Every structure is written in C-alpha cells, then in structure tokens.
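> using only what follows, build the 3D model:
(one chain, ligands or ions: 1)
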Amino acid sequence: MTRGMRGVLLLLLLIGGAVLIGVGVLAANNQNAAALPEAAKEGEMSVEEAIAARRSVRQFTDAVPAERVIAQLCWAAQGVTDPRRGYRAAPSAGATYPLELYVVTAEGVNRYVPAEHAFVPHLEGDLRGRLRAAALGQPFVESAPVVFVFAADVQRTAGRYGERAKRYVNMEVGHAAQNLLLQAEALGLAGVPVGAFRDEQVDELLELPERQQTLYLVPIGTPPAN
Ligand SMILES: Cc1cc2nc3c(=O)[nH]c(=O)nc-3n(C[C@H](O)[C@H](O)[C@H](O)COP(=O)(O)O)c2cc1C
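Numbers count the residues shown, from 1 in each chain. Have a look, this model is predicted:
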C-alpha cells in the first residue's frame with residue numbers, strides 16, 4: 001500500500017469514527033425521547049381564515065391544551081414534513097436547521113425533537129413565574145398554560161454562511177413562530193410573540209447548552225370568549 005493510499009484510509013477511518021461518535025451523542029441526547037401523538041395534516045380552518053383572524057392575545061382561560069394539541073403546535077413550528085430529506089415545516093437557510101424548540105408548562109420543560117416528533121424531558125417544575133420575571137414582568141408569560149421558547153445554535157448556520165448566519169437565523173425564527181401562531185388560531189387557541197426579555201436570564205433559567213441562545217417566546221392558550 002502506498003503512503004498516499006494509507007493517508008486516504010486513515011482519513012476515512014477518522015471520518016467514520018467521528019460520524020459514529022456524532023450519532024452516539026445524538027442518540028444519548030435523545031435517549032429519553034417520548035413519542036408525541038401524530039400531527040394532523042388537515043384541519044377545520046383554511047390558511048386564509050387563520051391569517052385573517054390571528055391577533056396577539058395576552059389573556060387566557062385556565063384551560064390547558066391536551067398533549068395532542070401541543071404536539072400539533074410543535075409540528076407546525078418545526079415538525080418534519082419531508083422525512084426523506086429531513087426538511088421541516090418552516091424554511092431554513094441551506095436546510096441547516098439552527099432552531100431548538102422548548103415547551104414550558106406547569107409540569108416542566110420539554111425539548112421537541114423534530115426527527116422523532118417526540119419530547120425529551122429537559123427540566124422539571126413550573127418555571128413560568130421566573131420566565132415572566134425574565135420577560136420584564138409581562139404577566140401573560142406566566143398565565144399562559146404553555147410557552148414555546150425558540151432558541152438557536154447559530155453555529156449550525158454559520159458553518160455555511162459565516163457572518164450572515166445571524167440574519168438568517170433571525171429570519172428563520174419568524175417563519176417558525178408564524179407557523180405556530182397560525183396553527184394555534186386554526187385550533188381555536190391564540191398567543192403573542194414576545195421579543196422583550198433579558199437574553200442571558202432566559203438562557204440560564206432554561207439551562208440551555210452553551211451554543212444556544214433564546215430568540216423568541218410565544219405564550220399560547222385559550223382566548224377568553226368575546
Ligand atoms: C418581533 C416582535 C416582538 C414582539 N414582542 C412583544 C412583547 O415582548 N410583548 C408583547 O406584548 N407583544 C410583543 N409583540 C407583539 C406585537 O405587540 C403585536 O404583534 C402588535 O401589537 C400587532 O398586533 P397583532 O399581533 O394582533 O397583529 C411582538 C411582535 C413582534 C413581531
């Protein structure tokens with residue numbers, strides 16, 4: 001075997017090893033994943049009706065959305081809609097998928113795993129009061145039965161787009177949040193996108209991995225009857 005061939009072989013072994021480690025880490029991260037109810041692909045409200053009716057709502061009844069409903073909302077925001085390629089409900093620059101979706105309820109915090117349409121338990125306990133404090137005291141961040149938190153690992157997109165990645169990721173979270181809000185509307189729910197919060201305080205509260213930063217909070221619940 002020539003020296004060149006040995007070099008190529010070594011390189012292939014290294015790449016193979018790195019891939020195996022990567023898969024192992026991913027599998028370990030998602031070890032406790034609990035499958036969610038399958039998302040519906042049709043509903044009772046047209047997209048035009050949902051767009052026309054959507055309003056930011058900051059008051060909610062005590063009703064807690066069922067797991068099936070929360071799963072549907074996660075799917076609309078980040079669910080996989082093309083399993084062959086892993087493409088998701090919201091567009092992503094270069095399909096680099098930098099977003100992570102955390103779901104905060106009275107029970108705790110779950111992380112949504114799009115590829116498995118599953119939840120991985122992230123934190124226990126009701127963090128909504130402290131989330132409200134980090135969101136400058138906005139009361140609906142605590143009173144909403146569920147708060148969707150979009151975080152991002154910009155590095156995933158920066159690997160391909162460099163400096164421009166920050167801009168792309170901010171655009172992307174808007175797509176995902178709008179999907180979420182329109183799906184909420186179509187299910188008889190409502191919410192409000194919240195951009196006013198202390199970044200580090202939310203990142204710390206949610207114990208995000210170092211590479212992730214919170215970008216957007218979306219409290220959602222049942223609007224009071226008019
Ligand atoms: C980027 C962004 C950040 C926002 N942040 C907040 C917020 O922190 N608190 C809040 O009550 N509303 C927030 N809103 C909601 C706006 O106040 C709301 O969209 C606007 O008043 C128009 O009303 P509509 O959503 O019913 O059309 C935000 C909206 C956007 C797009």
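> now do the domain split for the chain, please.
1-31, 36-221 (automatic domain parsing).
> would a markdown table of those with mean pLDDT and distance to the ligand be doable?
Yep, even glycine has a C-beta here, placed from its N, CA and C like the rest. A markdown table is the format used below for the domains of the chain (pLDDT from 0 to 100; distance: least, Cβ to the nearest ligand atom, whole Å):
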| stretch | mean pLDDT | distance to the ligand |
| --- | --- | --- |
| domain 1-31 | 54 | 30 |
| domain 36-221 | 98 | 3 |
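> which of those domains sits most buried?
domain 36-221 (a mean of 18; mean count of other Cβ atoms under 10 Å).
> show me how far that domain is from its chain's centre.
With Cα atoms, centre = their mean, to the nearest Å as the basis, domain 36-221 stands 4 Å off its chain's centre.
> give me the distance between the two termini of it.
Terminal residues of domain 36-221 are spaced 19 Å apart (Cα to Cα, to the nearest Å).
> likewise for stretch 79-96?
Stretch 79-96: ends 14 Å apart by Cα to Cα.
> what's the answer for stretch 103-121, then?
This stretch, stretch 103-121, spans 10 Å end to end (Cα to Cα).
> who does Ala151 bridge with?
In this entry, Ala151 is beta-bridged to Glu100, Thr214, by DSSP bridges.
> which residues does stretch 40-58 contact?
Applying Cβ atoms under 8 Å, 6 or more residues apart in numbering, the contact partners of stretch 40-58 are 72, 138-140, 181-183, 185-187, 190-193, 221, 223.
> repeat that with 6 Å
Phe140, Leu181, Leu182, Glu185, Ala186, Ala190, Val192, Pro223 (Cβ atoms under 6 Å, 6 or more residues apart in numbering).
> again, but for stretch 165-179
Defining contact as Cβ under 6 Å, 6+ apart, one finds that stretch 165-179 is touched by 76-78, 89-93, 98-99, 150, 152, 154, 157-158, 161, 193, 215-216, 218.
> next up, the contacts around Gly221.
Residues near Gly221 by Cβ under 6 Å, 6+ apart: Phe60, Ala144, Pro145.
> out of those residues, which is nearest to Gly125?
Pro145 (15.3 Å; Cβ to Cβ).
> looking at it, the closest one is touching Ala66, isn't it?
No. Checked against Cβ atoms under 6 Å, the pair Pro145 and Ala66 is beyond contact range at 10.7 Å.
> excluding its backbone neighbours, what's nearest Val149?
Tyr102 (4.2 Å; Cβ to Cβ, 6 or more residues apart in numbering).
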